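**Q** sequence below, structure please.
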Amino acid sequence: MITMPARKPRRSAAATRRTPLLLDRAALKRRLADDTYDVLVIGGGITGAYAVLDAASRGLRAALIEKDDFASGTSSKSSKMVHGGLRYIEQGNVNLVRHSLLERHRFRKNAPHLVHRLPFLFPILEKEGIFDARLAKGFEGLLWTYDLVGGWRIGKLHQRLTVPEVLAQAPTLRAENLKGGLMYFDARTDDARLVLTIVRTAAALGATILNGARAEGLLMQMGKVAGARVSADGDTFDIRARAVVNATGVWTDELDAKADDGHKPQVRPAKGVHIVVPWDKVRINCTVTVPIPGRARRATCTRWGNSVVLGTTDEDYQGSPDDVHCTREEMDFLLEGANTAFEGKLTPDDVVGSIGGLRPLVGGREGATLDMRRDHHIAIGRTGMVTVTGGKLTTSRHMGELVIDKVMTVLGRKGKSRTTDLPLLGGAGYDAEAVAASGGIAAHLGERFGTEARFVGDLIQDDPALAEPIVAGLPYTRAEVVYAARAELARSVDDVLSRRMRARLFARDASVDAAAAVGAILGQELNLSEAEVDRSVAEYLAAVQHEKSVLLEGAAA
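**A** Below you'll find the model as predicted:
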């Protein structure tokens, strides 16, 4: 059950907790049906998450609903970078870079357990590289600009590397044309866990959050949007709200059309995909940016534990936004880039996981999506609904602030955002170096839960069997499944293995083998029937099989 805080929440209300924040679906549904809210946010991706947190931090009575699971759309399928974006400097959008680097700094301060510094390496090649030695000097000018407009806040400036220094970071790079390298620094995050932590922080400040809750229609009062009719777990009920926010990403036009019959589509989906291969196939210690023959876009190869993530593409997408996967053609494209840059030979058999997601770009239909700006757009529609589109993960906190500024206009109220210095759950008092030095399960839990790792540790102390790994080859424990059910609103095997853990991405086949064990724990924790558990397991296995068929057999996505 959630305890309601004071109407003017203090920073410490969410920053440090003595007991775990336990979330009960039945209680949340009753609150949504019974209360009247100042603002209802529809959409549980990164933008909606920070909007509801901003609203709760201002003392508004706030709610958020998500039709599937938190971050199940684009926000769990990003490049997982918290960055300024060198490409935006090349496009001349220096203001976006400056602001993004400021927001990167705030993320690292407010969520130090989730946002970590990451070195990026650009090899300088005599030929067939992103740039040769003649162009490297000009590119280094871009890096100086990056440092000066805010990159310095990460604690390191860019560096020029010798050939041995490059090979120390990436020993399998093809060395025959290598002339050196340039390294700069950005950050990365587990995007799905970041979103989950943001919405849980909002809940700690009194917001009502619920996944698996679809907005079937909008409530209207005197020509204005006044809430939503929602279906969740077979129940249908109305949520009454004085203001409604559309933060549904690539589904924005669908919801806007429910508010305004005359709405014209604004969103242009752009597809991005990533694949994962074992680290020992590439053996890099940072992110290496490599060229892809015949293509304008650079590819990135990023170490993530014992894996390497290869990405990404940026192409128009015309299919269903509910069924987006990496295709065989896209996988081959990324493997080709990696095989051009590195020794050895990556094959489709080496790919242990993949994701495909859609960027909700806003703008014209002409030109390549790669060249479109990533600015956000926020507007109050004819029926009073606030709609936010575009933007990127790094600037999500500021987008949430601006969204609630618009909500305050709708409400006729005043109040400043408080999220600039608001630690996310687990972030206050977290010491990354000390946790990393502890090693083992303590370090693993610390990097996922921050200071709240002690609550998962308590479960293990009470039942040492919960320390056992749940997915072969990955560090996730059985205790984390229990915690996901009690405190993170996990409803299904997919919720756990795809987002509470990233097992489906980093060890797809091993996650299949773990599905039944995860289902059994969820069944016990959520009082599910045997049939419900079997259905959850079967749905996960079918989803993974479909993903593999698209990836390996070239089936239509």
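**Q** quickly find the element holding the residue nearest to Pro475 when sequence neighbours are not counted.
**A** Excluding the flanking residues, the one nearest Pro475 by C-beta to C-beta, 6 or more residues apart in numbering is His444, at 4.5 Å. Where C-beta positions appear, they are placed from N, C-alpha and C, glycine not excepted. Element membership for His444, per DSSP states H and E: helix 440-449.
**Q** what angle sits between the helix or strand just after that helix and helix 440-449?
**A** Once helix 440-449 ends, the next helix or strand along the chain (criterion: DSSP H and E) is helix 453-462. Computed by axes from the mean of the first three to the mean of the last three C-alpha atoms, to 10 degrees, the angle separating helix 453-462 from helix 440-449 equals 140 degrees.
**Q** follow-up on the earlier one: now the helix holding His444: buried residues?
**A** Ile441, Ala442, Ala443, His444, Leu445, Gly446, Glu447, Arg448, Phe449 (16 or more other C-beta atoms under 10 Å).
**Q** and the contacts of it?
**A** When contacts are defined by C-beta atoms under 8 Å, 6 or more residues apart in numbering, helix 440-449 is touched by residues 113-114, 116, 190, 193, 426, 430, 435-438, 453, 455-457, 460, 467, 475, 477, 480.
**Q** send me that helix as PDB with only the CA atoms.
**A** As requested, C-alpha coordinates have been extracted for helix 440-449 and formatted as PDB (Å, rounded to 0.1, in the frame of the first residue of the first chain):
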ATOM      1  CA  GLY A 440      29.800  -9.500  -6.000                       C
ATOM      2  CA  ILE A 441      26.100  -9.300  -5.300                       C
ATOM      3  CA  ALA A 442      26.400  -6.100  -3.400                       C
ATOM      4  CA  ALA A 443      27.900  -4.300  -6.400                       C
ATOM      5  CA  HIS A 444      25.300  -5.800  -8.700                       C
ATOM      6  CA  LEU A 445      22.400  -4.700  -6.600                       C
ATOM      7  CA  GLY A 446      23.900  -1.300  -5.900                       C
ATOM      8  CA  GLU A 447      24.200  -0.500  -9.600                       C
ATOM      9  CA  ARG A 448      20.500  -1.300 -10.000                       C
ATOM     10  CA  PHE A 449      18.800  -0.100  -6.900                       C
END
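**Q** show me what the one helix or strand Val407 maps to is packed up against.
**A** Element membership for Val407 (DSSP H and E) is helix 396-411. If contacts are counted by 3 or more C-beta pairs under 8 Å, 6 or more residues apart in numbering; DSSP states H and E, helix 396-411 sits against strand 39-42, helix 46-57, helix 94-110, strand 376-380, strand 386-390.
**Q** just send these back as TSV, with mean pLDDT too.
**A** Below are the helices and strands packed on helix 396-411 laid out as TSV (pLDDT from 0 to 100):
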stretch	mean pLDDT
strand 39-42	98
helix 46-57	98
helix 94-110	93
strand 376-380	91
strand 386-390	95
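**Q** mean neighbour count and distance to Lys271 added to the ones you listed, as JSON lines?
**A** Written out in JSON lines, the entries for those read as follows (neighbours: other C-beta atoms under 10 Å; distance: least, C-beta to C-beta, whole Å):
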{"stretch": "strand 39-42", "mean neighbour count": "31", "distance to Lys271": "23"}
{"stretch": "helix 46-57", "mean neighbour count": "32", "distance to Lys271": "18"}
{"stretch": "helix 94-110", "mean neighbour count": "20", "distance to Lys271": "22"}
{"stretch": "strand 376-380", "mean neighbour count": "16", "distance to Lys271": "20"}
{"stretch": "strand 386-390", "mean neighbour count": "25", "distance to Lys271": "16"}
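**Q** could you dump those into a markdown table with distance to Leu335 added?
**A** As requested, these are exported to a markdown table (distance: least, C-beta to C-beta, whole Å):
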| stretch | distance to Leu335 |
| --- | --- |
| strand 39-42 | 38 |
| helix 46-57 | 29 |
| helix 94-110 | 30 |
| strand 376-380 | 33 |
| strand 386-390 | 31 |
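**Q** from the buried residues of helix 440-449, pick the one nearest Ser320.
**A** Arg448 (31.7 Å; C-beta to C-beta).
**Q** where does the closest one land on pLDDT?
**A** Arg448 carries a pLDDT value of 97.
**Q** Asp233 is in contact with Arg214, correct?
**A** No - contact criterion C-beta atoms under 8 Å: Arg214 and Asp233 do not qualify, at 10.7 Å.
**Q** who has more neighbours, those two?
**A** Remark: of Arg214 and Asp233, Arg214 carries more neighbours, 15 against 11, as counted by other C-beta atoms under 10 Å.
**Q** which helix or which strand is home to the closest residue to that one other than its chain neighbours?
**A** Leaving aside its sequence neighbours, Arg214 sits nearest to Lys67 (C-beta to C-beta, 6+ apart; 4.0 Å). Using DSSP H and E, Lys67 sits within no helix or strand.
**Q** look up how far His325 lies from Lys67.
**A** For Lys67, the distance to His325 (C-beta to C-beta, to the nearest Å) stands at 19 Å.
**Q** what are the phi and psi angles of the closest residue to Phe342 other than its chain neighbours?
**A** In space, and not counting its chain neighbours, Phe342 is closest to Thr172: 4.7 Å by C-beta to C-beta, 6+ apart. Here is the backbone geometry of Thr172 (degrees, to the nearest 10): phi -100, psi 0.
**Q** give me the neighbour count for Thr172.
**A** Here the count is done by other C-beta under 10 Å, and Thr172 has 17 residues near it.
**Q** and it, what does it touch?
**A** Val282, Arg283, Ile284, Phe342, Glu343, Gly344 are the contacts of Thr172 under C-beta under 8 Å, 6+ apart.
**Q** that's a helix at the third one, yeah?
**A** No - counting by DSSP: H, G, I helix; E, B strand; the rest coil, one finds Ile284 to be coil, located in no helix.
**Q** that one against Leu167, yeah?
**A** No - taking C-beta under 8 Å as the definition, Ile284 is not a contact partner of Leu167, at 10.7 Å.
**Q** could you name every residue contacting both of those two?
**A** Counting by C-beta under 8 Å, 6+ apart, nothing touches both Ile284 and Leu167.
**Q** which element follows the lowest-mean-pLDDT helix or strand in the chain toward the C-terminus?
**A** Ranking every helix and strand in the chain by mean pLDDT, DSSP states H and E puts helix 11-15 at the bottom, with a mean of 52. Under the assignment DSSP H and E, the closest C-terminal helix or strand after helix 11-15 is helix 25-34.
**Q** may I have the helix or strand where Glu330 lies as PDB, with CA atoms only?
**A** Glu330 belongs to helix 328-341 when assigned by DSSP H and E. Extracted C-alpha coordinates of helix 328-341, given in PDB (Å, rounded to 0.1, in the frame of the first residue of the first chain):
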ATOM      1  CA  ARG A 328      17.600  -9.900 -40.700                       C
ATOM      2  CA  GLU A 329      18.600  -7.100 -43.100                       C
ATOM      3  CA  GLU A 330      19.200  -4.600 -40.200                       C
ATOM      4  CA  MET A 331      21.200  -7.200 -38.200                       C
ATOM      5  CA  ASP A 332      23.400  -7.900 -41.300                       C
ATOM      6  CA  PHE A 333      23.900  -4.200 -41.700                       C
ATOM      7  CA  LEU A 334      25.200  -3.800 -38.100                       C
ATOM      8  CA  LEU A 335      27.300  -7.000 -38.300                       C
ATOM      9  CA  GLU A 336      28.900  -5.800 -41.600                       C
ATOM     10  CA  GLY A 337      30.000  -2.600 -39.900                       C
ATOM     11  CA  ALA A 338      31.500  -4.400 -36.900                       C
ATOM     12  CA  ASN A 339      33.300  -6.900 -39.200                       C
ATOM     13  CA  THR A 340      34.800  -4.100 -41.300                       C
ATOM     14  CA  ALA A 341      36.200  -2.500 -38.100                       C
END
